[in-house]
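Engineer: Predicted model follows, preceded by the sequence.
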Amino acid sequence: MCHNVFYNLLLLKGIIKSQFMDQQNFLDLQGDLKQFYDNHGVQLLGMQFPISVQLLEMLEKKLREKIFDGGDYFTIIDDQEQESYVVQAKQQIKANSNIFLIDHSISFKYGELGTVVTEQVLDRLDSMIKYQLTKKQLTKQEKQYWRTEDFDNSQFTDPSQTPVLDETQSITFIGNQIESIELCLKFLQSHPNIKALWLDDNPLDFDQLLEQVEAHCPWVEILNGKFTVNASVWGFKYVSFDFDIKKANYTEGVSINQLNLSNRQVLRVRSLSEIYNAFPNLKKIIIKDTEIKSFEDTNQFFRIISQIEYIECDLEVEEILHDLFLNGKLDKVAPKLLLVNDRDIRYPSYVKTTQAQQRLQIVKQNILKIAGSYRLLSSDQMDEQSIWYVLDELGTSIQHSDTPNVKVLPFLYLPSGKIDETTISYSILFPIQHLQANQPIYRDYLTGITEEKFRSYRLGVWYDIPYDFMIEGYQKYYQNLTAIKNSIQPFEQQQGEIEYLPKENIKVITDLEMVSANVNLPYIQFTHNLEEADIIYFGVGVHDDINQYLGKFINQYQHEYAIISKEKLAFTIQSAYGIVDWLQETFNLQNQLPLFMGCYKQRELENKENTWIIKPPNMARSMDMVVTNNLDVILRVLETGPKLAQKYIDKPLTIRKKKFDLRFIVALRSIEPLSVYIYSTFWIRISNNPFTMDVNTFTTYETHFTVMNYGRQLTQVFMKDFIQEFNQEYYPYTWDQQYEKIKLVVKELFIALKKHKPEMAECKKNRSVYGMDLMIDQNFTPKLLEMTFSPDCTRACKYTPSFFNDLFETLFFGVENQNMIKII
């Protein structure tokens, strides 16, 4: 299911082919079979294909003739009782004796998910994922309810005769023979601590019972799961905390930011307004399957909860709220409302949600549970994104086992011997153990993923794994970072001289045409002779071999990986400061996956916004990045290569209602004493679509990303115009104020680098220039995104011709000029 298959179809072909040909069984291949093997040997070795000419012939024939005969050997059983599909062998099949093609029902890049998963394929995909919506239990656990007693299905006729503890606050008599309302009242009046009572499936008239209980037992707040008119703050907390009395009793309303009032009778509560006021930090309310359906009900409810930001509700309410927006009245009813059912009803492209669209969203949220992936490599490039595929019904119905008896792996059929229009992707299934008739077959959903790569954690996509210890681990980790933050000592600048070159007869060697074309200082000449060069200015990193250039000025530091490597940047900052507000929480999922999962679950428990951007540490231009609030998706995309998880900036500052980020050029002149400059000109990158956190846009590149230089429409925003628009839109706050905050981030970053890599102080002739990308959130806090070594300076040279002259003068000759702004 989740095979991260990197098929290097050209680079490895010679090596792997020679290894295969060493096998005696494949030495004498001839004709079409030899050609087939030459085209596909790399893949066959990668999947540990059995060394069998007979099986190879079978595979070649089935691919050539498109033979899908799996249905003759296997049957799919829909086990509704166990809520699972089961695939059984129809007959005995020996290990490695047969091979079967499995078709791919759909294939897609993750960013294309919204255009591939449509109503045309909805019914088919819906059926495939129907048993994936609930995770399988590893062990059966009964939830323990505090101060709750259960007398269900006990044939009781008189609850007043039931022995109940004085401290009991919730009691259930579901499925008994109680028919007397009088006896129910007698029972409640003798137990005034009881606030929640269940009498479902008893021969009682609920409406009469409710009326009598409300009139004579005003301390009862929940009856058969519904609110009475006497419900209080306690009742709202009780149902929102999944009937956890301990939390309802002891959690202060001020700490609660979400209430789940689904399937309750909300509007009949007398003190609804007072209850709402008891939750001053409330941001989200869930009111699905309530009596709120009409415009009048919606209007009445929002008059009370007008400051809410997020709401989950029935489609009728979503439609009413959208109509209010279209009529210009939504801001009066709900001025702070951001999302309705994770949709942005104010967004220009918003389309009314239908039942089919709701089903589509469920499929999109769960489709990676039944999908696999591969990425194509060639001698000169790698696909920017992995290809995801969903197997046909036979493939998706095969369940997981840590001890599988079949293998199911993706396979690219290359009739022409190369990737072209004739290439077809399949998966192939072959038994690796002897199968008996009627025996279920199993495959490994995590083929090749061991505990070193957190296999047990990653099975959480399909299984309900425990998270308590992960949360505890994250809490300790966070406490450690807090301790570092609380122990920070003020930075003391060291005194010392910085070594510079004289302004005469300076030779520079460079591999950057941009440098040789734009540096025209009278005392600089360019040379191709490394020996005679005074300055080495390479665009290519030579960090690992930098010692061979000792004695010369060079534009890089050996240890600057600590900030230019995405996976090391966060660690460098954390080692110096613990926690800073200018860096979003970041995890390297190669070694911090349990910590990340603990963080995610902690935020989930606290009902905090939980959207993350998942990005590879070694790719640029937003390649292979994913924005999601779905932990299952995050665990699956790990299979496409190393990843970092960083908390997504869900409330960024915008210009023209669009997300933007800023590119600054930062120059490091010295570590000891610390000397850092920022170039006066900066550059703006802006998305093409208005920003929104509508969940349906998470796969829309032009909404959530700003890099548009490569084959997309590019909106140019110049610095002067940006500053003018910024000052107008955010008045009285000014860009000058914002710029001071940005300069402070630069200063703190390089102080962190100096603390983390003190050995850099010995590098007296080293200099470096970085691209610094950052965003700004709605609190005007700069957020560092990444640092780039030897950034692309094409625009800098185009719009500021003196750019490289300014850099060279300041870095190598100690000249101050107005374009180089001193940070420290």
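Structural biologist: Right, received. Where do you want to start?

Engineer: What residues does residue 760 make contact with?
Structural biologist: By C-beta atoms under 8 Å, 6 or more residues apart in numbering, the contact list for residue 760 reads 557, 558, 559, 560, 671, 672, 753, 754, 766. No exception for glycine: its C-beta is placed from N, CA and C like everyone else's.

Engineer: I'd like those residues as JSON lines, with neighbour count appended.
Structural biologist: Compiled in JSON lines, those are given as follows (neighbours: other C-beta atoms under 10 Å):
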{"residue": "557", "neighbour count": "23"}
{"residue": "558", "neighbour count": "18"}
{"residue": "559", "neighbour count": "19"}
{"residue": "560", "neighbour count": "24"}
{"residue": "671", "neighbour count": "25"}
{"residue": "672", "neighbour count": "17"}
{"residue": "753", "neighbour count": "25"}
{"residue": "754", "neighbour count": "19"}
{"residue": "766", "neighbour count": "23"}
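
Engineer: Which of those fall in helices?
Structural biologist: Among the contacts of residue 760, the members found in helices (DSSP state H) are 753, 754.

Engineer: Could you report the pLDDT at residue 188?
Structural biologist: In this model, residue 188 is scored at 95, pLDDT.

Engineer: Could you count how many residues lie near it?
Structural biologist: When neighbours are defined as other C-beta atoms under 10 Å, residue 188 has 21 of them.

Engineer: and if you look at residue 417?
Structural biologist: Residues lying near residue 417 (other C-beta under 10 Å) number 13.

Engineer: dump the residue contacts of it.
Structural biologist: Contacts of residue 417 (C-beta under 8 Å, 6+ apart): 35, 38, 39.

Engineer: so which strand or helix has the second one?
Structural biologist: Using DSSP states H and E, the secondary-structure element containing residue 38 is helix 31-46.

Engineer: by contact count, what packs against that helix?
Structural biologist: strand 4-8, helix 13-21, helix 53-65, strand 406-413 (3 or more C-beta pairs under 8 Å, 6 or more residues apart in numbering; DSSP states H and E).

Engineer: Recalculate using a threshold of 6 Å.
Structural biologist: Other elements packing on helix 31-46 under the criterion 3 or more C-beta pairs under 6 Å, 6 or more residues apart in numbering; DSSP states H and E are helix 13-21.

Engineer: Quick one: low-confidence residue ranges for the stretch 51-200 of the chain.
Structural biologist: In the predicted model, the stretch 51-200 of the chain carries pLDDT under 70 at residues 140-143.

Engineer: swap that for the stretch 701-824 of the chain, please
Structural biologist: Within the stretch 701-824 of the chain, the segments meeting pLDDT under 70 span 709-711.

Engineer: Strands of that one, start to end?
Structural biologist: Assignment of strands within the stretch 701-824 of the chain using DSSP state E, counting those that start in this stretch yields the ranges 768-776, 782-789, 820-822.

Engineer: could these go into CSV alongside mean neighbour count and distance to residue 626?
Structural biologist: Shown next, in CSV, are the strands of the stretch 701-824 of the chain (neighbours: other C-beta atoms under 10 Å; distance: least, C-beta to C-beta, whole Å):
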stretch, mean neighbour count, distance to residue 626
strand 768-776, 21, 18
strand 782-789, 21, 16
strand 820-822, 16, 36
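
Engineer: And the contacts of residue 760, which is closest to residue 700?
Structural biologist: Nearest to residue 700, judged by C-beta to C-beta, of these is residue 560 at 34.9 Å.

Engineer: Distance of the closest residue to the closest one other than its chain neighbours relative to residue 554?
Structural biologist: Nearest in space to residue 560, with sequence neighbours left out and distances taken as C-beta to C-beta, 6 or more residues apart in numbering, is residue 768 at 5.8 Å. According to C-beta to C-beta, to the nearest Å, residue 768 and residue 554 sit 9 Å apart.

Engineer: Check residue 359 too.
Structural biologist: Distance from residue 359 to residue 554, by C-beta to C-beta: 60 Å.

Engineer: Looking at those two, which is more packed in?
Structural biologist: Set residue 359 next to residue 554 and count neighbours by other C-beta under 10 Å: residue 554 wins out with 22 against 15.

Engineer: Give me the distance from stretch 187-198 to the chain's centre.
Structural biologist: Relative to the centre of its chain, stretch 187-198 is centred 46 Å away, using C-alpha atoms, centre = their mean, to the nearest Å.
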